[in-house]
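> Got a sequence here, can you build the structure:
(chains A, B and C)
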Amino acid sequence: MSRDDPAPDPQRFPPPPPAEQERMVEAILFAAAEPMSAREIAARLPAGCDAAEALRALRARYEGRGVQLARAGDAWAFRTAADLGFLMQESVVESRRLSRAATETLAIIAYHQPVTRAEIEEIRGVAVSRGTLDQLIELGWVRIGRRRQTPGRPVTFVVTEVFLDHFGLESARDLPGLAELRAAGLLDSRPPGEGLAPGLFDGETDEETGGQAEDLFESE
Amino acid sequence: MSRDDPAPDPQRFPPPPPAEQERMVEAILFAAAEPMSAREIAARLPAGCDAAEALRALRARYEGRGVQLARAGDAWAFRTAADLGFLMQESVVESRRLSRAATETLAIIAYHQPVTRAEIEEIRGVAVSRGTLDQLIELGWVRIGRRRQTPGRPVTFVVTEVFLDHFGLESARDLPGLAELRAAGLLDSRPPGEGLAPGLFDGETDEETGGQAEDLFESE
Amino acid sequence: MTKVPYLTPVPDPQARAQPDPRTDPAPHLPGLAPQPAAERRAEEVLVVDVSGFEGPLDLLLTLSRTQKVDLMQVSVLELADQYLAFVDKARALRIELAADYLVMAAWLAYLKSRLLLPPDPEAEGPSAEDMAAHLAFQLERLNAMREAAARLMARDRLGQDRFARGAPETVARQRQVAWQAGLIDLMRAYARLRTRDEFRPYAFDRRDVLSMEQALERVRGLIGYAGGWTELADFLPEGWDGDPQRRRSATAATFAATLELARQGRLEIAQAGSFAPITIRRRPQ
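Here you go, the predicted structure:
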């Protein structure tokens, strides 16, 4: 294919030495406000560079500094050290306080993901209002995951990299207390004796959930 | 200064050690939207800190890194190292198909070179827009050849080395003729019901085609 | 039943509409005597603040906390009593309870009776103990998620404790267009052009009609050799100037062809006067 040739030149040069690659990744990530994946970074580097290795070195270099190389899922970003937040009080972005319903729903999605709307409702014992999920999705913290392969094929919800970045988590596995909750069986999708009291809530919300799920799917 | 009174408490504590001050300045400058003067930085630091000294240390630390602590007038800011500016460019290669008009014009030039604009128009049966030829010339695939020694001395167009290179041809004479095109099945993608009379295609040259026209003409 | 922590005193909306003497900055305004304390208290109707709860499960969780035990050890029987007492109280105060609160009350009453009666060996479905255990599990799970939410919100959050680069640099996007054309496209285009005539829709062979294409072809070829002004009639093909019908067709087609070529700027047309012969010549370049 003639398309393969157009950039043969960078290949002819050996990749820059590791220290130089580290400088390059440093510059790229400093300039970016949003986290970037290793792949996105690699796309900006000269051919033959090892973005992953440069990220490792860079992270070690910034260990303990005022600025740190933070990982959120697959993406990387420089963020100021959390212990210095008090110095930046003027820069604090006044965020709208989330309602209790929204924070609980967020926690349920984070700890139980992928989770369906019906499951969120079962855990909270009340119907999830449309606005709550909308708000979380609008914040970029929650997105729609795969459909559950159960009757009705309900959509599931999962948390995003923006969520991880916002809460300073490397991955969803780093959620505080996750291991304890799991050990206590509190994250089991189907607890023992299922279908007892939750039946009370299921009855009234299931249909609605089905409908909503369709809406979400079709509005994509 | 009224700023001095409301926070008398930090005075009671000794200032943080120099390394910590450096971290603080690093975080403040990283998060700052605008360059900051040493005085502005000092105002954000705990009492007793030496902002100028911290800036000096920080600047030395970033010496030779991918990001540098740059001074502009009184103010300080992190900036991408000058030699890495090229990383701040993302080149997007968009591949677009050549328009039908351009492809046809190019084909005519390749098969009939040197060819005048009038001849191209005659073969295509429609006027050739200026932009089409300009585009081919800009691509480096077509150039202007000698003037034709006929009345009006029209310019001719020929294909270039770049063209041959791009299309993997040794010379324009290597282009397959109509008979070969047909043999290769390139003439078969025709609308149904418009079967080909094979004999008609062997006439490859202008003259012969012209001859056919004459035949039509004078057959009555 | 006497001391119910979840019954919160809420000022009656009607009472609130009046100036509240406790907060009114000018209670001694002329004509507005301070209200007697007793009257004031009477207006503060004790209301069950059901709206503060997010459903029966939330209410049950709040009630279970009053047992001051680990949620694992919560007495579901006692909880059922507490809940039913709450619902009774709300009813006594003529408070409209949402349907799901009443469904839960009915279910808890049923659970309570099952828990108190000796197990029926004939009964199908889960035992009362299973149901009670599941309710306890639900409460514990909701509580756990609540605590998780609180922990999450207390983390060092971006934009509050951790900050992104304040002055991100913009990345310049350079757009390069790579034009794609392969040899195959070129050959197809050429083949299409050179065989186009063969794919023209079939038309009747009208022997006595000269098409404009034919005339165009002819005039285009001849105009280069016509040095000066030449009559249009001279451009008619041989054999077309005898028969009137053929001549008419040829003349019309040739004239149309000259108009087209004039439009393209390749020749000029002149006519001395009405019905005078039409002459053409190649346009001087």
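
> Can you give me the domain boundaries for chain A?
With domains defined by automatic domain parsing, chain A comprises A:15-90, A:97-218.

> Quickly, which of those domains bottoms out on average pLDDT?
Here the lowest mean pLDDT among those goes to domain A:97-218, at a mean of 77.

> low pLDDT regions in chain C?
C:1-51, C:173-179, C:196-206, C:226, C:285 (pLDDT under 70).

> what ranges do the strands span in it?
Shown for chain C, the strands assigned by DSSP state E span residues C:172-180, C:230-231, C:267-271, C:278-282.

> C:P244: how many residues sit nearby?
Neighbourhood size, C:P244 [other C-beta atoms under 10 Å in any protein chain shown]: 8. Placement of C-beta: from N, CA and C, glycine included.

> I'd guessed A:E161 sits against A:R71; true?
No - look at A:E161 against A:R71 with C-beta atoms under 8 Å: they stay out of range, at 9.8 Å.

> Would you report the backbone torsion angles of C:A164?
C:A164 has phi and psi values of phi -90, psi 170 when expressed as degrees, to the nearest 10.

> Please report the distance of it from chain B.
Distance of C:A164 to chain B, computed by C-beta to the nearest C-beta, to the nearest Å: 7 Å.

> so what's that residue up against?
C:A164 sits next to A:33, A:77-79, B:31, C:158 when contact means C-beta atoms under 8 Å, 6 or more residues apart in numbering or on different chains.

> any idea how far B:L84 is from A:P18?
Remark: distance between A:P18 and B:L84 (C-beta to C-beta, to the nearest Å) = 15 Å.

> Mind checking which of the two has more residues around it?
B:L84 (20 against 13).

> who's in contact with the more buried one?
A:23-24, A:27, B:66.

> From C:E78, how far off is it?
69 Å.

> ok, and for whichever helix in chain C runs longest, which residues are buried?
Determined from DSSP state H, the single longest helix within chain C is helix C:128-153. By neighbour count on 16 or more other C-beta atoms under 10 Å in any protein chain shown, the buried set for helix C:128-153 is C:128, C:131-142, C:144-146, C:148-149, C:152.

> circling back: narrow the contacts of C:A164 to those in helices?
B:A31.

> Dump the contacts of C:A164 to TSV, plus distance to A:S99.
As requested, the contacts of C:A164 are exported to TSV (distance: C-beta to C-beta, whole Å):
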residue	distance to A:S99
A:A33	28
A:A77	28
A:F78	32
A:R79	27
B:A31	29
C:L158	20
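
> For chain A, which residue gets nearest to chain C?
Nearest residue of chain A to chain C, counting by C-beta to the nearest C-beta: A:G125, 2.7 Å away.

> How about the contacts made by that residue?
Under the criterion of C-beta under 8 Å, 6+ apart, the neighbours of A:G125 are A:201, C:54-58, C:138, C:142.

> Just the buried ones from the contacts of C:A164?
Using 16+ other C-beta under 10 Å, the buried ones in the contacts of C:A164 are A:77-79, B:31, C:158.

> Now for the residues you listed: which two are most distant?
By the measure C-beta to C-beta, A:A77 and B:A31 form the most distant pair in the buried ones among the contacts of C:A164, at 12.7 Å.

> possible to save the domains of chain A as a markdown table with distance to C:K112?
Shown next, in a markdown table, are these (distance: least, C-beta to C-beta, whole Å):
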| stretch | distance to C:K112 |
| --- | --- |
| domain A:15-90 | 48 |
| domain A:97-218 | 13 |
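
> Helices of chain A, start to end?
Counting by DSSP H, the helices of chain A are A:9-12, A:18-31, A:38-44, A:51-61, A:100-112, A:117-124, A:130-138, A:161-166, A:178-183, A:198-219.

> Serialize those to CSV and add fields for distance to A:V155.
Below are the helices of chain A laid out as CSV (distance: least, C-beta to C-beta, whole Å):
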stretch, distance to A:V155
helix A:9-12, 43
helix A:18-31, 34
helix A:38-44, 27
helix A:51-61, 33
helix A:100-112, 12
helix A:117-124, 8
helix A:130-138, 10
helix A:161-166, 18
helix A:178-183, 23
helix A:198-219, 5
